[in-house]
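Visitor: Sequence first, then the predicted structure:
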Amino acid sequence: MIWFLLCAGLLIVGYFSYGAFIERLFGPRPERQTPANTMADGVDYVAMSDRKVYLIQLLNIAGLGPIFGPILGALYGPVAMLWIVFGCIFAGAVHDYFSGMLSVRANGASVPTVVGKQLGGFFKQFMNVFAVVLLMLVGVVFVLGPAKLLGNLFGMPVMFWIAAIFAYYVIATVVPVDKIIGRFYPFFGALLVFMSVGLIIGLAVSDHGFFSQGIEFSNLHPTDLPLWPLLFITIACGAVSGFHATQSPLMARCMENEKSGRFIFYGAMIGEGVIALIWCALGLSFYDSTEALNATLANGGPAAVVHEVSTSLLGVVGGILAILGVVVLPITSGDTAFRSARLILADWIKLPQKALPKRLLIAVPMFAIGYLISNAEFGVIWRYFGWANQTTAMIMLWAAAAYLIKEGKLHWVCTIPAMFMTAVTVTYLANAPIGFSLPMTVATPIGLAVTVAATAAFLLKFRGDKVAQPELEEA
């Protein structure tokens, strides 16, 4: 238990120390009006309290990532928790803060516009396509995951739950942000926190105890899958996730004061990191070995682990409540994924979204495509989502680094994690079956070479170029 408390404590210390440093580096201006006030439209730009915005942001970014990812990551052993802690503090939360605050400074712009303003027009158009593809994959993943959980829980066909969740997504995507998301998601956020804490307390008082396998930092994966780079793709949400860059602009349009950015963006990522730690600890502690965990995964995937752990630690009623709390995460991220996709497409084709028919004009065909994708194999969709997710994070970190270097500020806080994620994503694509299937002895040098080349090109283009950015200083 000491190891878990130490990791959780480091995350909290990171928020008050490194988070404060990142905030000072960016320089929020409390006197500056935010888009929630200057562009209020009653649909997407709606001012809400910090507490509401934080809880909504937490739900938006959480999804299945800080649960399914850490459960799969637990196969590698306690080393997975180190990635959650240090990845969250120095990469993920930094990524989320800059993606949110740069959106605030750009009138609530979506991630393609934010990236384009920093890296150029090519990256803007690339991100228009890439972000929509990522969000469609996220939306589908966050339909299939909860549908399987609900099917196991209530004994009803999975296809019924898929149809029901899609129907809800259509409604939540087009109605004003304060009608469903602003009204119910703060409650769901509190439920998520309560259930996560309940499970870790249940583990503490159970016969299982913490880390029955011991604390060993070698690769414990039962099938000898390589830790590099797979761990850093497997555990995305909870460490660093590009999906968050697509979600932060939603709350950038609702935040009332720039000073709240650290609490809302950096803080929500720290909160997600704690949730990821809990599920990684549960995976490492509930089962006697990584082989036993892998056996449960083989029989029903991460959803089976969630069901078994929750009902065993909290009993039937408590387990059902815990599972429902877990179901809330992907559903409340899936609808905001589709909502973000609608807004990105609307910005791309310059179609105002205040009128309901114009919202439906984008939403209806988008959901039809999403339903078709949902018929593909979940494992394949998850692998593509994992790579696309981390690639988006990599691009957003380079964009944040470009912003800092243009402002004459310490850009390495974003450049170093951008370099790391470049090496991860390129190596993974070179090695993985969804990519080029090259041996790791070839894939890793390719990843490192591309990282060095990308860093050199970045520094040659931007270093010493302190330029004014009037588009980010508009009221």
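Guide: Noted; the coordinates are in hand. Residues are numbered from 1 along each chain as shown.

Visitor: residue boundaries of the helices in the stretch 351-475 of the chain?
Guide: 356-373, 378-406, 412-431, 440-462 (DSSP state H, counting those that start in this stretch).

Visitor: Okay, angle between the shortest one and helix 378-406 too, please.
Guide: Read it as helix 356-373. For helix 356-373 against helix 378-406, the angle by axes from the mean of the first three to the mean of the last three CA atoms, to 10 degrees is 130 degrees.

Visitor: counting contacts, what elements does helix 356-373 pack onto?
Guide: helix 121-154, helix 158-174, helix 290-349 (3 or more CB pairs under 8 Å, 6 or more residues apart in numbering; DSSP states H and E). The way it works is simple: take the backbone N, C-alpha and C, and place the C-beta from them, glycine included.

Visitor: Just the residues contacting the second one, thanks.
Guide: Which is helix 158-174. Under the contact criterion CB atoms under 8 Å, 6 or more residues apart in numbering, helix 158-174 has outside partners 139, 143-144, 146-148, 150-151, 180-181, 331, 334-336, 338-339, 342, 356, 359-360, 363-364, 367, 370-371, 374.

Visitor: Restricted to buried residues, select those residues in ChimeraX.
Guide: Listed next is the ChimeraX selection for buried residues among these, using 16 or more other CB atoms under 10 Å:
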select :139,143,144,146,147,148,150,151,180,181,331,334,335,336,338,339,342,359,363,367,370,374
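
Visitor: residues in contact with Met156?
Guide: Leu150.

Visitor: mind checking the SS state of it?
Guide: coil (DSSP: H, G, I helix; E, B strand; the rest coil).

Visitor: Dihedrals phi and psi, it?
Guide: Here is the backbone geometry of Met156 (degrees, to the nearest 10): phi -110, psi 160.

Visitor: Test for you: state the pLDDT assigned to it.
Guide: pLDDT, Met156: 86.

Visitor: Please tell me I have it right and Ala399 contacts Val115.
Guide: Yes. With contact defined as CB atoms under 8 Å, Ala399 reaches Val115; the gap is 4.5 Å.

Visitor: need the helices for the stretch 1-150 of the chain, in chain order.
Guide: 2-16, 18-26, 35-38, 50-62, 65-73, 79-87, 93-105, 111-119, 121-154.

Visitor: can you tell me which of these comes nearest to Leu410?
Guide: helix 18-26 (6.1 Å; CB to CB).

Visitor: Give me the residues contacting the closest one.
Guide: 89-90, 93-94, 97-98, 101, 261-262, 266-267, 270, 404, 409-410, 413.

Visitor: Mind doing that once more with 6 Å?
Guide: 89, 94, 97, 101, 262, 266, 409 (CB atoms under 6 Å, 6 or more residues apart in numbering).

Visitor: same question, stretch 451-465
Guide: So stretch 451-465 is in contact with 402, 405, 419, 422-423, going by CB under 6 Å, 6+ apart.

Visitor: go with 10 Å
Guide: Contact with stretch 451-465 is made by 118-120, 394, 398, 401-406, 408, 411, 415-416, 418-427, as judged by CB atoms under 10 Å, 6 or more residues apart in numbering.

Visitor: Could you tell me how far it lies from the centre of the chain?
Guide: 27 Å (CA atoms, centre = their mean, to the nearest Å).

Visitor: same check, this time on stretch 151-169
Guide: With CA atoms, centre = their mean, you get 23 Å for stretch 151-169.

Visitor: What residues of it count as buried?
Guide: Neighbour-count burial for stretch 151-169 [16+ other CB under 10 Å]: 151-153, 161-162, 165-166, 169.

Visitor: sorry, back to before: Serialize the helices of the stretch 1-150 of the chain to CSV and add fields for distance to Arg253.
Guide: Below are these laid out as CSV (distance: least, CB to CB, whole Å):
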stretch, distance to Arg253
helix 2-16, 24
helix 18-26, 18
helix 35-38, 5
helix 50-62, 10
helix 65-73, 23
helix 79-87, 27
helix 93-105, 8
helix 111-119, 13
helix 121-154, 16
